[in-house]
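Novice: Here is my input; please provide its structure:
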Amino acid sequence: DTSTTIIDLDRLSFWLATNSEGRNFMSTMVGEVARNFPETAGKIIVVNAPSVFSALWSFLKPMLAQRTIDKISIFGAEPKKFQSHLLDL
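Specialist: The predicted structure follows:
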């Protein structure tokens, strides 16, 4: 079985995306998921991603396998763009 994960980044702070402590936390979290649950992740949908998320994504993306990256959809704070995607689940 696979899962669908929805991550709401509405309150993502600039600190988490740019601070070394915040990046280390995110790196550890992504690494643990990739090592321990690589096949259980189905779709991963990120919503309300602020512009600062692009910095965090560029840091995290090289740590992920391409098959994991292919499962991820990222949407900004435009509900009309991601609502139809969520309803299609």
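Novice: so Thr4 sits in a helix?
Specialist: No: counting by DSSP: H, G, I helix; E, B strand; the rest coil, Thr4 falls outside a helix, being strand.
Novice: Contact partners for the closest residue to it other than its chain neighbours?
Specialist: In this structure, Thr4 finds its nearest non-sequential neighbour in Lys43, 4.6 Å apart by CB to CB, 6 or more residues apart in numbering. Where you see a C-beta, it was placed from the backbone N, CA and C, and this is true even at glycine. Taking CB atoms under 8 Å, 6 or more residues apart in numbering, we find Lys43 in contact with 2, 4-5, 71, 73, 89.
Novice: Now do the strands in this protein.
Specialist: With strands called from DSSP state E, the chain shows them at 3-8, 41-47, 72-74.
Novice: Name the stretch among those that sits most buried.
Specialist: Mean neighbour counts were compared across these using mean count of other CB atoms under 10 Å; the top stretch is strand 41-47, at a mean of 17.
Novice: so what strands line up beside that strand?
Specialist: Strand 41-47 sits in its sheet next to strand 3-8 (parallel), strand 72-74 (parallel), going by DSSP bridges.
Novice: Of all those, which one is nearest His85?
Specialist: For those, the distance to His85 is smallest for strand 72-74, at 6.5 Å, taking CB to CB.
Novice: what residues does that closest one touch?
Specialist: Applying CB under 8 Å, 6+ apart, the contact partners of strand 72-74 are 43-46, 49, 53, 57, 82, 85.
Novice: Columns pLDDT and distance to Gly22 on top of those, output as CSV?
Specialist: Shown next, in CSV, are the contacts of strand 72-74 (pLDDT from 0 to 100; distance: CB to CB, whole Å):
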residue, pLDDT, distance to Gly22
Lys43, 83, 25
Ile44, 82, 20
Ile45, 87, 22
Val46, 87, 16
Ala49, 88, 15
Phe53, 82, 12
Trp57, 87, 14
Phe82, 85, 24
His85, 78, 27
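Novice: So which of those is the closest to Asp10?
Specialist: Nearest member of those to Asp10, counting by CB to CB, is Ala49, at 9.2 Å.
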